[in-house]
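Asks: A predicted structure for the sequence below; I have some questions about it.
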Amino acid sequence: MTFKHLIELQDLLDDPTVDGERVATYLRANGALSVEVQTLSGEKGSTDFIRVLIPGSAGKTVGGPYPTLGIIGRLGGLGARPERLGFTSDGDGALAATACAAKLSQMRLRGDVLKGDVIVTTHICPHAPTRPHDPVPFMDSPVSSQECNSAEVDPAMDAILCIDTTKGNRIVNVNGFAITPTVKEGYILRTSEALLSLMEIATGRLPVVLPLTQQDITPYGNGVYHLNSILQPSVATSAPCVGVAITTQTQVPGCATGASHLNDIDDCVRFVIEVAKVYGPDQGLFYDEKEYDLLLKGYGSLKHFQTFGELL
């Protein structure tokens, strides 16, 4: 269970003075050995990016054969102060990611060591701007999506789970979380059956899939509509990416406060941890490598969808 970490971290993050160093201190107290904090600033303010490495017993950091799983908490900000007071719905991505880091670090400290390395990244911003979006307003970020990707997408990540609040839409109408099809280098591949099975185990419910369109996996700022930023990391990596979307039955703005449901976030975190436990050298957990090679042979590269193309 991750409720202890979720309650403590939600209390920590719901503070207008919280910063990356305070979150890093919490994670170190729970066994994290390698925590880095980097501050980026822009015209709209600043934010602290956190990177946590949880070494595995046979991961790349010790020269082992096991690949590295990336866990990215996507968000604009924890708070929209002074426009809105309190912890925003959008902050759930950072809450889930830091809870994953705390639990995995604690597991390692106690002797439950994963085979592969895990890298967790997110950013801590209690004073983020908002921006208009249909059907509900979005949280914005003090820095650009490209800057977020440069800080959050680590070249060492061999596969990535992107956790993001995805409540402001009419596409998924359930309380809980959904996963997306796997995205790799411009291709939207089939939804992983193995991940759906882990989702069923973690929740005790039927799995839910968040549908994607081609434009959802193109870079922010190209002028086309995006459901949200859940798959923005996919434009900055060749690794397979799966979105883990925290959802609601009704449309909830990202800047809404009092809208975080710890039961749903706990389900999400436990699912991500179960993925980390079973992720290994076979990329079949995320996608079928032979089928992907067949697509490349028959249809060619779609890497141009990771760029702005000719739109700008």
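Replies: Here it is on my side, so go on.
Asks: For the rest of this, base every contact and every neighbour count on C-alpha atoms.
Replies: Will do.
Asks: Quick check: Thr250 touching Lys167?
Replies: Yes: Thr250 is within contact range of Lys167, at 7.3 Å (criterion: C-alpha atoms under 8 Å).
Asks: Determine which member of the two has the greater number of neighbouring residues.
Replies: Between Thr250 and Lys167, Lys167 has the larger neighbour count (other C-alpha atoms under 10 Å), namely 27 against 14.
Asks: Can you show me the strands along this protein?
Replies: Under the criterion DSSP state E, the chain contains strands at 34-42, 45-54, 69-74, 118-124, 130-131, 138-139, 159-165, 176-179, 183-184, 187-188, 241-247.
Asks: ok, Thr61 - contacts?
Replies: Pro55, Asp117 (C-alpha atoms under 8 Å, 6 or more residues apart in numbering).
Asks: List the contacts of the residue lying closest to Gly42 once chain neighbours are set aside.
Replies: The shortest distance from Gly42 to any non-neighbouring residue, by C-alpha to C-alpha, 6 or more residues apart in numbering, is to Val143 (5.3 Å). Under the criterion of C-alpha under 8 Å, 6+ apart, the neighbours of Val143 are Leu40, Ser41, Gly42, Glu43, Lys44, Gly45, Ser46, Thr47.
Asks: I'd say the last one and Val18 touch.
Replies: Right, the one you point to is Thr47. No: Thr47 lies out of contact with Val18 (C-alpha under 8 Å); the separation is 10.5 Å.
Asks: The two: who's more crowded?
Replies: Taking other C-alpha under 10 Å, Thr47 and Val18 do not tie; Thr47 has more neighbours (25 against 17).
Asks: Quick check: pLDDT value at that one.
Replies: At Thr47, the model reports a pLDDT of 96.
Asks: who touches it in this structure?
Replies: Going by C-alpha under 8 Å, 6+ apart, the list of residues near Thr47 reads Asp19, Thr39, Leu40, Ser41, His123, Ile124, Cys125, Pro142, Val143.
Asks: for the stretch 1-150 of the chain, what are the low-confidence residue spans?
Replies: Applying pLDDT under 70 to the stretch 1-150 of the chain flags residues 136-137.
Asks: Could you do the stretch 201-312 of the chain as well?
Replies: Within the stretch 201-312 of the chain, the ranges that satisfy pLDDT under 70 run 312.
Asks: the helices in it, which residues?
Replies: 262-278, 289-299 (DSSP state H, counting those that start in this stretch).
Asks: Tell me which of those helices lies nearest to Ala32.
Replies: helix 262-278 (15.4 Å; C-alpha to C-alpha).
Asks: returning to that earlier point: what's the overlap in contacts for Thr47 and Val18?
Replies: When contacts are counted by C-alpha under 8 Å, 6+ apart, the set common to Thr47 and Val18 consists of Ile124, Cys125.
Asks: most neighbours, which of the contacts of Val143?
Replies: Thr47 (25 neighbours).
Asks: State the distance from it to Val143.
Replies: Distance of Thr47 to Val143, given as C-alpha to C-alpha, to the nearest Å: 8 Å.
Asks: And for Thr39?
Replies: Plainly put, Thr39 is 10 Å away from Val143 if you go by C-alpha to C-alpha.
Asks: any common contacting residues for the two?
Replies: By C-alpha under 8 Å, 6+ apart, the residues touching both Thr39 and Val143 are Ser46, Thr47.
Asks: Can you name the residues that contact Leu114?
Replies: Leu114 sits next to Pro55, Gly56, Ser57, Arg108, Ala276, Lys277 when contact means C-alpha under 8 Å, 6+ apart.
Asks: Can you tell me which of those lies closest to Ile163?
Replies: Ala276 (13.9 Å).
Asks: residues in contact with Leu27?
Replies: Contacts of Leu27 by C-alpha under 8 Å, 6+ apart are Val35, Thr98, Ala101, Ala102, Ser105.
Asks: Out of those residues, name the ones that lie in helices.
Replies: Taking DSSP state H, the ones among the contacts of Leu27 that sit in helices are Thr98, Ala101, Ala102, Ser105.
Asks: nearest to Phe308, of those?
Replies: Ranked by distance to Phe308 (C-alpha to C-alpha), these are led by Thr98 at 31.2 Å.
Asks: what sits against that closest one?
Replies: By C-alpha under 8 Å, 6+ apart, the contact set of Thr98 is Leu9, Leu27, Gly73, Val120, Thr122.
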